[in-house]
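Colleague: Give me a model of this one.
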Amino acid sequence: MVKQNKKIIILNEVEAKILLGQAGIPVIDTRLARTKKDAVSLSGKIGFPVVLKIVSPDVVHKSDAGGVKVGLANAAQVRKAYTEIITNVKEKVPGARIEGVSVQKMAGPGVEVIIGMTEDDQFGPVIMFGLGGIWVEAIRDVAFRVVPVSARDADEMVREIKGFAVLRGYRGQEPVKISSLTKLITRISRFIEKNPQVKELDINPLIASGDGVVAVDARIVMKP
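Modeller: Below you'll find the predicted structure:
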């Protein structure tokens with residue numbers, strides 16, 4: 001459900017992924033389950049293993065609130081995980097508005113990266129790229145460019161972060177397909193240009209691998 005106030009509109013994870021998918025940005029198939037029965041049914045349709053995550057406008061850090069369960073291999077595990085997620089969030093974020101739980105296919109292995117966008121008072125929309133997951137807050141290894149971002153700009157963004165060595169394949173890890181990252185950055189830049197009502201964008205994490213990239217989680221804040 002869209003959360004609105006007088007200044008902004010916040011799309012939940014499922015809504016944000018639908019919008020990004022329509023713009024040609026690769027996203028992992030994600031559905032909203034409002035009940036435990038829905039979660040089990042959707043898991044069967046998507047295919048195990050699956051990931052369950054809380055959907056709430058009041059929960060920003062889902063893992064910290066106990067709102068994420070990964071690697072669920074069967075219906076029994078999904079039922080248990082759904083109950084635990086709801087219980088955890090109610091205990092850790094009292095009063096949180098819970099819209100349900102998202103159900104998505106477990107993503108394959110890769111490097112977690114982040115692509116985000118914010119509006120700068122002076123320069124306008126600015127795109128950020130860096131290592132994602134917990135690393136974005138722990139080490140702040142990110143690069144910025146003002147929209148519009150060219151293919152050359154995007155390539156420079158990817159290569160100038162300190163974590164580029166990880167993307168190239170660190171200690172035997174499979175190298176990431178760099179061209180898929182640069183294409184994604186430019187595609188998001190075009191998406192922002194075409195949708196000036198987007199105020200903030202946060203895709204974290206994106207799983208990058210030798211096969212390409214896919215958005216695992218997303219958040220969009222829009223102007224009314």
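Colleague: so how far is residue 159 from the closest residue to residue 21 other than its chain neighbours?
Modeller: Closest residue in space to residue 21, ignoring its immediate chain neighbours: residue 27 at 4.8 Å, by CB to CB, 6 or more residues apart in numbering. (C-beta placed from N, C-alpha, C; glycine too.) Separation of residue 27 from residue 159 (CB to CB, to the nearest Å): 25 Å.
Colleague: One more: residue 38?
Modeller: 43 Å.
Colleague: go on, residue 183?
Modeller: 15 Å.
Colleague: which of residue 27 and residue 159 has more neighbours?
Modeller: Taking other CB atoms under 10 Å, residue 27 and residue 159 do not tie; residue 27 has more neighbours (22 against 14).
Colleague: residues in contact with that one?
Modeller: Residues near residue 27 by CB atoms under 8 Å, 6 or more residues apart in numbering: 17, 20-21, 214-215, 218.
Colleague: partner residues bridging it?
Modeller: In this entry, residue 27 is beta-bridged to residue 215, by DSSP bridges.
Colleague: again with residue 101
Modeller: residue 33, residue 54.
Colleague: what do you get for the one 4 residues further on?
Modeller: Residues found in beta-bridge contact with residue 105 (criterion: DSSP bridges) are residue 50.
Colleague: mind listing what's buried in stretch 151-158?
Modeller: Within stretch 151-158, the residues that count as buried by 16 or more other CB atoms under 10 Å are 153-155, 157-158.
Colleague: In the sheet, which strands lie alongside the strand ranked longest in the chain, parallel or antiparallel?
Modeller: Counting by DSSP state E, the longest strand found in the chain is strand 198-209. If you go by DSSP bridges, strand 198-209 pairs up with strand 111-120 (antiparallel), strand 212-215 (antiparallel), strand 218-222 (antiparallel).
Colleague: Moving C-terminal from the first one, which element do we reach first?
Modeller: Once strand 111-120 ends, the next helix or strand along the chain (criterion: DSSP states H and E) is strand 124-131.
Colleague: What mean pLDDT does that following strand get?
Modeller: The average pLDDT within strand 124-131 is 96.
Colleague: just the CA coordinates of it, formatted as PDB?
Modeller: Only the C-alpha atoms of strand 124-131 are listed here, as PDB (Å, rounded to 0.1, in the frame of the first residue of the first chain):
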ATOM      1  CA  GLY A 124      19.200  18.300  -8.700                       C
ATOM      2  CA  PRO A 125      19.000  14.500  -9.000                       C
ATOM      3  CA  VAL A 126      22.200  12.700  -8.000                       C
ATOM      4  CA  ILE A 127      22.900   9.000  -8.500                       C
ATOM      5  CA  MET A 128      25.000   7.000  -6.100                       C
ATOM      6  CA  PHE A 129      26.700   3.600  -6.600                       C
ATOM      7  CA  GLY A 130      28.700   1.500  -4.200                       C
ATOM      8  CA  LEU A 131      29.000  -1.800  -2.300                       C
END
